[in-house]
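Peer 1: any chance you can model this:
(one chain, ligands or ions: 1)
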Amino acid sequence: MWTVFEVFCHLDSRLAGGTEAVKMSNVEPDKSKQMRSPELYPEGLNRYRSTIEGIDFPSLPMARGARLLSVLWQVEQSQWWSAEQLQQKQREQLLLLLNHAVQTVPYYRQRLGQAGFHPGQPWDDVRWLDVPILRRQDVQAEREQLKSRRLPPGHGKVHMIQSSGSTGRPVQVLGTGVTRFYWDLITLRDHQWHRRAFTRKLVAIRPDRLDQGQERFTCESWGAPVDLVYHTGPSVIINSRVDVRQQMAWLQEDRPAYLLSLPSNLRELARLCNSEGFTLPGLEQVRSYGETVSRELRDRIGAVWDVGLIDMYSSQEVGYMALQCPNHEHYHVQSETVLLEVLDENGGRCGPGEVGRVVVTALHNFAMPLIRYEVGDFAEVGEACPCGRGLPVLRRIVGRSRNMVRTPDGRCYWPSFPASKWLAMAPIRQIQLHQVALDTIEVLLVMEGSLTEGQRNALTESLHATLNYPFAIILRPVNEIPAKPNGKYEDFICEL
Ligand SMILES: [Zn+2]
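Peer 2: Okay, here's the model as predicted:
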């Protein structure tokens with residue numbers, strides 16, 4: 001049996017999912033949906049939790065909660081700084097990390113030296129773009145060499161984080177009490193940005209951890225970090241491996257205000273509501289993580305449930321990388337905790353409108369510093385946000401390189417899938433595309449009955465239009481399309 005705290009370390013502190021968190025945003029949202037009834041969420045509705053008997057106002061939170069609030073207050077200010085101010089402070093923190101790494105982490109001793117970094121050196125002399133990229137396979141191969149030989153006091157207990165990964169080859173990194181603290185901090189910021197009322201019910205439908213015989217777990221609070229600071233309502237965790245109809249039956253019972261899940265699971269739930277007339281009364285907001293969010297999914301959730309979708313971009317290894325802006329569908333990099341770079345093929349920085357690979361430096365991990373770690377995703381850089389925050393913008397997170405289609409005429413790009421179009425064309429429940437040769441796409445279809453000749457032709461034609469190339473299309477009906485070992489799902493996989 002888990003304690004409330006453990007469950008919510010799992011729920012909120014760990015909702016990152018794997019590194020294949022991939023997101024998408026194209027069009028500005030309807031703010032009225034995203035910030036529904038803002039008058040319902042005055043500051044006072046989220047009541048601070050006091051831990052001293054007889055004291056309620058102003059409240060005296062427990063030590064960890066107080067610490068979180070004090071740093072939350074700091075990042076409340078820093079989010080409005082200019083990009084230059086943020087960069088300046090980031091570099092100061094980065095120098096502390098580099099000094100620590102070069103002195104106590106064998107892996108970095110030479111590598112940072114080769115990039116011109118020596119202990120005590122000012123930032124201006126650092127040739128940052130010469131610091132080698134740390135790849136996933138480097139972390140696997142050099143794990144021991146990446147561990148700090150001397151963790152400064154106060155960084156807390158060291159723990160292991162295992163990212164299951166999409167390929168089944170796990171990456172193990174170390175975290176500390178401090179990295180966990182900053183995770184909690186950004187979790188609270190996400191709640192604050194999206195104005196959640198903690199007295200309401202939260203349901204999280206997740207793929208992991210509950211598979212030791214438990215399918216549904218109810219809890220009287222939202223758990224840490226929220227209940228370290230605030231009074232909260234109840235919450236429920238459901239294992240996403242449970243059949244979607246059973247999930248729906250529980251949702252009918254639970255009636256959550258906030259629903260958190262993987263995009264592929266949300267799509268199935270929305271489909272079920274749409275086809276069978278289920279409703280989710282009282283639902284205020286849907287939250288997603290861990291997979292690509294398409295324009296279509298946002299539209300579908302808006303149409304079926306009349307609420308907004310709030311996405312986040314995170315990974316087990318480095319924590320939160322970006323949160324959805326409170327006013328827009330794009331993402332703000334969490335510069336207070338990570339230095340995030342989007343790099344082109346030559347290792348140069350991408351500008352607004354350009355797509356490149358995401359490389360991240362976790363600023364507070366002193367147990368196993370991840371400096372210029374290649375997460376595996378590609379993202380598009382955005383312009384500065386009209387909301388006024390100086391935190392850099394990612395317009396969308398487009399996916400991993402294996403989600404990219406390659407054409408015989410030399411193009412490669414991330415396809416986008418208006419699955420609803422195909423669902424309307426034939427009784428298709430689920431679709432997954434595999435590029436098996438440069439000119440051939442195999443399409444796995446889960447469907448009721450079989451396709452008529454007309455449906456086959458219409459589907460092939462539609463795929464040609466979507467993929468923007470006349471690939472040979474092989475349609476292959478299957479009974480099910482299994483999720484990957486980490487419970488996640490991809491629409492398109494290039495096997496070349
Ligand atoms: Zn913004």
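
Peer 1: tell me, what residue is most central in the chain?
Peer 2: Tyr313 (2.8 Å; Cα atoms, centre = their mean).

Peer 1: that one looks like it's in a strand, true?
Peer 2: Yes: Tyr313 forms part of a strand when assessed by DSSP: H, G, I helix; E, B strand; the rest coil.

Peer 1: can you list the weak-confidence ranges in the chain?
Peer 2: For the chain, the stretches with pLDDT under 70 are 1-44, 164-169, 208-213, 417-423, 485-486.

Peer 1: for it, longest helix please?
Peer 2: If you go by DSSP state H, the chain has its longest helix at helix 83-104.

Peer 1: would you mind listing the buried residues in whichever helix or strand comes after it?
Peer 2: For helix 83-104, the following helix or strand on the C-terminal side (DSSP states H and E) is helix 106-114. Buried positions in helix 106-114, judged by neighbour count with 16 or more other Cβ atoms under 10 Å: 107-108, 111-112. Heads up, the C-betas are built off the backbone N, CA and C, glycines and all.

Peer 1: the ion contacts on the stretch 251-400 of the chain?
Peer 2: 325, 385, 387, 389 (Cβ under 5 Å from the ion).

Peer 1: need the max-distance pair from those residues.
Peer 2: The most widely separated members of those, counting by Cβ to Cβ, are Cys325 and Arg389 (7.3 Å).

Peer 1: report the closest residue of the stretch 101-250 of the chain relative to the ion.
Peer 2: Of all residues in the stretch 101-250 of the chain, the one sitting closest to the ion is Trp193 (9.1 Å; Cβ to the ion).

Peer 1: doesn't Tyr320 make contact with that residue?
Peer 2: No: Trp193 lies out of contact with Tyr320 (Cβ atoms under 8 Å); the separation is 11.8 Å.

Peer 1: between those two, tell me which one has more neighbours.
Peer 2: Tyr320 (25 against 19; other Cβ atoms under 10 Å).

Peer 1: contacting residues around the more buried one?
Peer 2: For Tyr320, the contacting residues are 16, 183, 186-187, 190, 312-314, 334, 337-338, by Cβ atoms under 8 Å, 6 or more residues apart in numbering.

Peer 1: how near is it to Ala483?
Peer 2: 23 Å (Cβ to Cβ, to the nearest Å).

Peer 1: go on, Gly376?
Peer 2: Distance of Gly376 to Ala483, given as Cβ to Cβ: 18 Å.

Peer 1: cool, and Phe198?
Peer 2: According to Cβ to Cβ, Phe198 and Ala483 sit 31 Å apart.

Peer 1: more neighbours: which of those two?
Peer 2: Phe198 (22 against 17).

Peer 1: hmm, the more buried one is touching Thr232, no?
Peer 2: Yes: between Phe198 and Thr232 there is a contact under Cβ under 8 Å: 4.2 Å.

Peer 1: between those two, what contacts are shared?
Peer 2: 222, 226.

Peer 1: adding neighbour count and distance to Arg49, write the residues of the stretch 251-400 of the chain next to the ion out as TSV.
Peer 2: As requested, these are exported to TSV (neighbours: other Cβ atoms under 10 Å; distance: Cβ to Cβ, whole Å):
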residue	neighbour count	distance to Arg49
Cys325	23	28
Cys385	18	32
Cys387	16	30
Arg389	21	28
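
Peer 1: now do the contacts for the residue nearest to the centre of the chain.
Peer 2: Neighbouring residues of Tyr313 by Cβ under 8 Å, 6+ apart: 21, 23, 289, 320-323, 331, 394, 397.

Peer 1: helices of this protein, start to end?
Peer 2: Taking DSSP H to define them, one finds helices in the chain at 4-11, 31-34, 63-78, 83-104, 106-114, 136-141, 177-193, 226-229, 244-254, 263-276, 295-305, 419-425, 453-467.

Peer 1: so which of those helices is the most surrounded?
Peer 2: Per residue and on average, the most neighbours among the helices of the chain fall to helix 226-229, with a mean of 23 (mean count of other Cβ atoms under 10 Å).
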